[in-house]
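> model the structure of this input:
(one chain, ligands or ions: 1)
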Amino acid sequence: MSLLEVEDLAVHFGGVKAVDGVSFRVEEGEVFSIIGPNGAGKSTIFNLISRFYKPTRGKIMFDGRDITPMSAHEIAPLGIARTFQNIELFDHSTVLDNLLMGRHTHRGTNWIQDMLFLPKVRREEREHRRVVEEVIEFLELEAYREKLIAGLPYGVRKVVEIGRALSIGPKMILLDEPASGLSVEESQEVAFWVEDMRRDMGLTVLMVEHDMKLVTQVSDRVLAVANGQPLAMGSPSEVQSDPQVMAAYLGTEVDA
Ligand SMILES: Nc1ncnc2c1ncn2[C@@H]1O[C@H](COP(=O)(O)OP(=O)(O)OP(=O)(O)O)[C@@H](O)[C@H]1O
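Numbering: from 1, shown residues only. I've put the predicted structure just below:
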């Protein structure tokens, strides 16, 4: 059984077939990337898997469960976390508080217990802190722990965005263009973290990315899409040399 199974997925917005008949499987521990020109449907596939969009057709299975009918807040506790292309952090909170908010899906207490600060609440709080401190150490964010998001350089905010997703303790992380807007050196750091996430945390990574250097460096397999439809799937080199993929990119910008 694959960790993620996407079967004949489609979503239509009026006359626009944003995604139309996309199927793929992601194995546990795999780094799987989705590439394609602008407007190909990549972010829409992410929005379908993370249950922000309701599919017109198709099925999504995660860890043996049909998650197609579930809502976005129901899938985080199952172990699916995502980052957003446009960074979804609380600008006027610290890095630490943003990461602690990422743990909210694990809340096992109610408001009365919270108000009375019962031992169970204190135990949970300690566990949240432990996990978040591990993430801070993993992403080397120690120097920024108490800093407000608003004052941080873009590259650091992108890393905190990954940290927020990691803080929920997922089995699978969806990275939506983690290298967009980053320098060559910062993109290389993202590559190292993706490799570490898989090796040290045993995570499965599903990534949408334009930076082909990053995709080639970290991905086991790649799915290329265009106009909402699958074009080719295979190793990074197989997909990059596929004639249909090359044709789809002709006349469009490829960040090689
Ligand atoms: N909520 C929506 N309503 C209407 N159309 C949408 C919606 N979401 C996406 N689309 C359309 O679906 C198509 C695919 O968009 P999507 O953002 O998934 O592409 P993408 O491959 O992620 O592009 P990019 O690389 O530029 O981020 C586009 O034509 C887009 O305009």
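
> rest of the way, CA atoms for contacts and neighbours
OK.

> could you report the neighbour count for the residue in the stretch 101-250 of the chain positioned nearest to the ligand?
Ranked by CA to the nearest ligand atom, the top residue of the stretch 101-250 of the chain for proximity to the ligand is Gly228, at 6.7 Å. Neighbourhood size, Gly228 [other CA atoms under 10 Å]: 25.

> go on, Leu139?
Neighbour tally, Leu139, other CA under 10 Å: 19.

> if I look at the most centrally placed residue in the chain, how far off is Val26?
The geometric centre of the chain, computed from its C-alpha atoms, lies nearest to Leu174 (CA atoms, centre = their mean), at 1.7 Å. Going from Leu174 to Val26 by CA to CA, to the nearest Å gives 12 Å.

> shared neighbours, these two?
Residues touching both Leu174 and Val26 by CA atoms under 8 Å, 6 or more residues apart in numbering: Leu206.

> state the pLDDT value of Ala143.
pLDDT for Ala143: 96.

> what's the distance between it and Lys42?
In terms of CA to CA, Ala143 sits 34 Å off from Lys42.

> those two - which one has more neighbours?
Neighbour comparison, Ala143 and Lys42: the larger count goes to Lys42, with 28 against 8 (by other CA under 10 Å).

> is it correct that the more buried one is in contact with Val208?
Yes - counting by CA atoms under 8 Å, Lys42 does reach Val208; the two are 6.5 Å apart.

> give me the below-cutoff pLDDT ranges for the stretch 101-250 of the chain.
Confidence mapping of the stretch 101-250 of the chain against pLDDT under 70 gives the ranges 105-121, 250.

> in it, mark out all the helices, start to finish.
For the stretch 101-250 of the chain, the helices defined by DSSP state H, counting those that start in this stretch occupy 111-116, 119-138, 154-166, 184-201, 212-218, 236-240, 243-249.

> any chance of those helices in a markdown table with distance to Val31 as columns?
What follows is the helices of the stretch 101-250 of the chain, written out as a markdown table (distance: least, CA to CA, whole Å):
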| stretch | distance to Val31 |
| --- | --- |
| helix 111-116 | 39 |
| helix 119-138 | 19 |
| helix 154-166 | 15 |
| helix 184-201 | 8 |
| helix 212-218 | 7 |
| helix 236-240 | 11 |
| helix 243-249 | 20 |
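
> tell me which of these lies nearest to Glu30.
helix 184-201 (7.5 Å; CA to CA).

> follow-up on the earlier one: correct me, but the residue nearest to the centre of the chain touches Val205?
Yes - the criterion here is CA under 8 Å, and Leu174 meets it with Val205 at 6.1 Å.

> around the ligand, pick out the residues from this structure.
Selection of the chain residues close to the ligand by CA under 6 Å from any ligand atom yields Phe13, Ala18, Pro37, Asn38, Gly39, Ala40, Gly41, Lys42, Ser43, Thr44.

> just those: which are in strands?
If you go by DSSP state E, the residues of the chain next to the ligand have Phe13, Ala18 in strands.

> can you name the two of the residues of the chain next to the ligand that sit furthest apart?
Applying CA to CA across the residues of the chain next to the ligand, the maximum distance is between Phe13 and Pro37, 19.1 Å.
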